[in-house]
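Q: Next input, structure requested:
(chains A, B, C and D)
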Protein chains: 2
Amino acid sequence: MPRLSNTKEKIVDRARELLQHRGFDGFSYRDISTDLGIKNAAVHYHFPSKDDLGLALIERYVDETRAEIDAARQARVPVRDQLETYFKRAQFEVEGVWSLCPMGALAPSCETLSQPMQTALVRFGKLVIEWLTEVLEQGRRDAVLDFEGSADDKALQISSAIQGARQMSKLHQSNVVARVADQFRGELYR
Amino acid sequence: MPRLSNTKEKIVDRARELLQHRGFDGFSYRDISTDLGIKNAAVHYHFPSKDDLGLALIERYVDETRAEIDAARQARVPVRDQLETYFKRAQFEVEGVWSLCPMGALAPSCETLSQPMQTALVRFGKLVIEWLTEVLEQGRRDAVLDFEGSADDKALQISSAIQGARQMSKLHQSNVVARVADQFRGELYR
DNA sequence: TGCTAAACTTACTTACGTGTAAGTTAGGTA
DNA sequence: TACCTAACTTACACGTAAGTAAGTTTAGCA
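A: Model (predicted):
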């Protein structure tokens, strides 16, 4: 079984950039193939349909996120540092080519996605919310974070805001995420 | 000059529903024409290009929003009631067919929009933020609202969160907006 | 050396979406 | 009554996107 190229990974890499830059309907196999210097059908060879590619993308997000969460848990990273990593990443990515978060790129047009993609995306969303909820709860217990209401609702509020802010940043061409994150910092940190 | 039909308005009405349901790239002239029982070219007659239609849509949002803001100002509607109208509308619409807000429908794919549409959308965004900022400032002066930081940043945080929450609601098929709005209510109202 | 399978390319098909040009209908007007 | 114009329909052109079938190359193995 020859293992000649890493084209498949390159396809996913490029698809990820395109997805977070232009949304799922905003790029085509043509975009990927021309960028990678291969033919359209080569992309179809690795991912027969665009749904397959989309599913692979989301599953990679899930795997990566789960791995990072586990790593932070294992290393007992302080909750405030975990939260900062979350904010900082959004602030950083919005200035580069990955302007949208995966959820912000896919959720708006979720009706057009295949059922497997929708299911996987819901799983991804729950994963992030569960992590954020845990971080917030822990932070309140440790008295390093302060907020009203349930950690669950607060997590939903924060992640929704970051998602929306990334989209606004793209339009206004200014880092709205940084301002929104700062607002949360001022409210949360004590 | 015969004024026979209100087709043009019907087109805009239907386009608005489709836009807020599926995003700008998520619907076609075909969708509109078949729904209204007319031909594709009839839509082109009223709106030569899809950009023209998109621009008309955004300009209607701007006009409507401005009118509502002015009306609330004239009637001296209490700031808390204005804020409630904002939250309630998002909660209500997300349960119907207008799941997305205009900004949440258009901003994610703003690169694909024409320059006039982008400019108009920025104007719409600023209009909403300016109104929300004013409401928040007034509310703090009147001691009916409580929040940290600048009213401007708080406005950005709130509108981003509602925008993101509407998208999440669509995916999770549950009213995330209601929970996010409740979280803000608990934090803001005093 | 010859075979096999992975990893492609070539060359299509099909469908759809935007857009246009030319013809048709039906009110209102001179 | 004849005409004019708004509001369409008919019938296209054109580009692009997804997807497929069949042929080609290349690495590794028997």
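Q: Tell me which residues touch the spatially closest residue to A:Lys50 that is not a sequence neighbour, please.
A: In this structure, A:Lys50 finds its nearest non-sequential neighbour in A:Tyr29, 7.1 Å apart by CB to CB, 6 or more residues apart in numbering or on different chains. To be clear about C-beta, it is placed using only N, CA and C from the backbone, and glycine gets the same treatment. Contact partners of A:Tyr29, counting by CB atoms under 8 Å, 6 or more residues apart in numbering or on different chains, are A:Asn40, A:Val43, A:His44, A:Lys50.
Q: and which of those is nearest to B:Leu156?
A: A:Lys50 (34.3 Å; CB to CB).
Q: Measure how buried that closest one is and give me the count.
A: Counted with other CB atoms under 10 Å in any protein chain shown, the neighbours of A:Lys50 add up to 19.
Q: same check, this time on A:Phe87
A: That count, for A:Phe87 with other CB under 10 Å as the rule, works out to 18.
Q: Now do the helices in chain A.
A: Assigned helices in chain A, in chain order: A:7-22, A:29-36, A:40-46, A:50-74, A:79-93, A:102-106, A:115-141, A:151-172, A:176-188 (criterion: DSSP state H).
Q: May I see the ones you listed arranged in CSV, with mean pLDDT as well?
A: CSV is the format used below for those (pLDDT from 0 to 100):
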stretch, mean pLDDT
helix A:7-22, 93
helix A:29-36, 92
helix A:40-46, 92
helix A:50-74, 96
helix A:79-93, 97
helix A:102-106, 96
helix A:115-141, 97
helix A:151-172, 97
helix A:176-188, 98
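Q: mind putting the ones you listed in TSV, distance to DNA strand C included?
A: Below are the helices of chain A laid out as TSV (distance: least, CB to the nearest atom of the strand, whole Å):
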stretch	distance to DNA strand C
helix A:7-22	3
helix A:29-36	7
helix A:40-46	3
helix A:50-74	14
helix A:79-93	28
helix A:102-106	20
helix A:115-141	19
helix A:151-172	21
helix A:176-188	29
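Q: can you redo the ones you listed as a markdown table with distance to B:Cys101?
A: Conversion of the helices of chain A to a markdown table gives the following (distance: least, CB to CB, whole Å):
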| stretch | distance to B:Cys101 |
| --- | --- |
| helix A:7-22 | 20 |
| helix A:29-36 | 28 |
| helix A:40-46 | 34 |
| helix A:50-74 | 24 |
| helix A:79-93 | 20 |
| helix A:102-106 | 13 |
| helix A:115-141 | 19 |
| helix A:151-172 | 9 |
| helix A:176-188 | 15 |
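Q: I'd like to know which of those lies nearest to B:Met117.
A: helix A:151-172 (10.6 Å).
Q: Dump the C-alpha coordinates for the closest one into PDB.
A: C-alpha atoms of helix A:151-172 as PDB (Å, rounded to 0.1, in the frame of the first residue of the first chain):
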ATOM      1  CA  ALA A 151     -22.500  28.800  34.100                       C
ATOM      2  CA  ASP A 152     -24.300  27.100  31.300                       C
ATOM      3  CA  ASP A 153     -26.100  30.200  30.300                       C
ATOM      4  CA  LYS A 154     -23.000  32.300  30.700                       C
ATOM      5  CA  ALA A 155     -21.100  29.900  28.400                       C
ATOM      6  CA  LEU A 156     -23.800  30.300  25.800                       C
ATOM      7  CA  GLN A 157     -23.700  34.000  26.100                       C
ATOM      8  CA  ILE A 158     -19.900  34.200  25.700                       C
ATOM      9  CA  SER A 159     -19.500  31.900  22.800                       C
ATOM     10  CA  SER A 160     -22.500  33.500  21.000                       C
ATOM     11  CA  ALA A 161     -20.900  36.900  21.400                       C
ATOM     12  CA  ILE A 162     -17.500  35.800  20.200                       C
ATOM     13  CA  GLN A 163     -19.100  34.100  17.200                       C
ATOM     14  CA  GLY A 164     -21.000  37.200  16.300                       C
ATOM     15  CA  ALA A 165     -18.100  39.500  16.900                       C
ATOM     16  CA  ARG A 166     -15.900  37.500  14.500                       C
ATOM     17  CA  GLN A 167     -18.500  38.100  11.800                       C
ATOM     18  CA  MET A 168     -18.800  41.800  12.600                       C
ATOM     19  CA  SER A 169     -15.000  42.100  12.500                       C
ATOM     20  CA  LYS A 170     -14.900  40.800   9.000                       C
ATOM     21  CA  LEU A 171     -17.500  43.400   7.900                       C
ATOM     22  CA  HIS A 172     -16.200  46.400   9.800                       C
END
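Q: If anything else comes up later, I'll come back, but that's it for now.
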